[in-house]
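Chemist: Just the structure for this:
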Amino acid sequence: MGGRIDCYLDIVSFYSYLAFLDLLKNRDLLKSYAIEVDFRPVLLGAINVGSGNKPPWTLPAKAHYGKYDAQRALARFPGLALSFPADLMAVSMTATPNRALHYIKRNFPPQTFHTALHHLLYTFWSPPNVNLSRPENVAKALSEVSVGFDGNSSKGTPLFTAQEVQTIMQAASSAEYKDLLKATTQEALERGAFGAPWLWVTNEAGVAEPFFGSDRFHFVYKFLGLPFQEVMLLPASSSEQTGASSAGAGGGKPKL
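Modeler: Residues are numbered from 1 along each chain as shown. Below is the predicted model of the structure:
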């Protein structure tokens, strides 16, 4: 077995956060099958424009359904308390944190990049939902994250020194990292992206296919040839079967 999962994601995408958590949880298992996972920050707004897509909340029916879908998706991660910003559009310009992440990815070990990405996602999506479109808030978040951040707290040895945070923020405003974020976003578009998370998955034969969303991993694993457990409906237990039989034994309607 072998292959890779390129995950294109944006801080502003709720489902990108969930996909990140799923891949993070399973990274050691994936590594045992020689599956490489690579997180690639992109601009979701530019992907929407480039693909002709629109944010789901701009269609009333999707917006109404979205609250149910988000609750169901979040239930897969017990104990994770997330909330949507009061005005998501107002804080959706996440170029600065995504450029900062590209710099961190290039200049620090993978674990540092993953920890920083995790903390920025957590900071954006957990109360009080910090506005990361503001560079000063990105700098503050990076100065507060600690080594080993697990999504619950950020106490301990700082992940970055004050000088490193300053260097990261300078890089985030440079032409080099502006261009890198644009290039990564364009790469996602060329691979068919119309939203995030966008997964470009390559199997051991070198064949690649796209997958969209945070709840398609059963399809991803099947494509990669990995063993996994299918969702299946289980038969009723003996007590449930007895109860059902008793309810109908008198010929009347069962009590609901």
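Chemist: What count of nearby residues applies to the nearest residue to K140 once chain neighbours are set aside?
Modeler: Once flanking residues are discounted, K140 sits nearest to V130: 8.0 Å by Cβ to Cβ, 6 or more residues apart in numbering. C-beta: built from backbone N, CA, C; applies to glycine. Look at V130: counted by other Cβ atoms under 10 Å, it has 19 neighbours.
Chemist: ok, so what distance separates V130 from T123?
Modeler: 5 Å (Cβ to Cβ, to the nearest Å).
Chemist: do D6 as well
Modeler: 24 Å.
Chemist: which one of these two has more residues nearby?
Modeler: T123 (23 against 20).
Chemist: and the more buried one, what element?
Modeler: Assigned by DSSP states H and E, T123 belongs to helix 110-125.
Chemist: For stretch 108-125, report the contacting residues that lie outside it.
Modeler: 11-12, 14, 16-17, 20, 24, 39, 41, 82-85, 91, 94, 97, 100-101, 104-105, 130, 132, 138, 141-142, 144-145, 147-151, 154, 159-160 (Cβ atoms under 8 Å, 6 or more residues apart in numbering).
Chemist: are any of those residues buried, and which?
Modeler: Buried subset of these (neighbour count, 16 or more other Cβ atoms under 10 Å): 11-12, 14, 16-17, 20, 24, 39, 41, 82, 85, 91, 94, 97, 100-101, 104-105, 130, 132, 138, 141-142, 144-145, 149, 151, 154, 159-160.
Chemist: residues near the spatially closest residue to K105 that is not a sequence neighbour, how many?
Modeler: Among residues not flanking K105 along the chain, F113 sits closest, at 4.5 Å (Cβ to Cβ, 6+ apart). Using other Cβ under 10 Å, the number of residues around F113 comes to 19.
Chemist: How about the one 4 residues further on?
Modeler: Counted with other Cβ under 10 Å, the burial measure for L117 works out to 23 neighbours.
Chemist: for P78, same thing?
Modeler: Around P78 there are 6 residues (other Cβ under 10 Å).
Chemist: circling back to that earlier point, so the residue nearest to K105 versus I168, what's the distance?
Modeler: From F113 to I168 the distance is 11 Å (Cβ to Cβ).
Chemist: Overlap of the contact sets of the two?
Modeler: Joint contacts of F113 and I168 (Cβ under 8 Å, 6+ apart) are I104.
Chemist: Run through the stretch 51-200 of the chain and note the low-pLDDT ranges.
Modeler: Along the stretch 51-200 of the chain, segments meeting pLDDT under 70 span 153-154.
Chemist: All the helices of it, residue numbers only.
Modeler: 60-74, 95-107, 110-125, 135-144, 162-172, 175-190 (DSSP state H, counting those that start in this stretch).
Chemist: about what we covered before: give me the distance between the helix holding T123 and the centre of its chain.
Modeler: Here the centre of helix 110-125 is set off from its chain's centre by 11 Å, with Cα atoms, centre = their mean, to the nearest Å.
Chemist: repeat for stretch 120-135
Modeler: Chain-centre distance of stretch 120-135: 14 Å, with Cα atoms, centre = their mean.
Chemist: Just the CA coordinates for it, please, in CSV.
Modeler: What follows is stretch 120-135, C-alpha atoms only, in CSV (Å, rounded to 0.1, in the frame of the first residue of the first chain):
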residue,chain,number,x,y,z
LEU,A,120,-5.5,28.9,14.2
LEU,A,121,-8.4,26.8,13.2
TYR,A,122,-9.3,26.5,16.9
THR,A,123,-8.9,30.2,17.5
PHE,A,124,-11.2,31.1,14.6
TRP,A,125,-13.9,28.5,15.3
SER,A,126,-14.0,28.4,19.1
PRO,A,127,-15.6,31.1,21.3
PRO,A,128,-15.0,34.0,21.2
ASN,A,129,-14.2,33.4,17.5
VAL,A,130,-11.2,35.6,17.0
ASN,A,131,-11.2,37.7,13.8
LEU,A,132,-8.1,36.3,12.0
SER,A,133,-8.5,38.7,9.0
ARG,A,134,-6.6,41.2,11.2
PRO,A,135,-2.9,40.7,11.2
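Chemist: Perfect, I'm done here.
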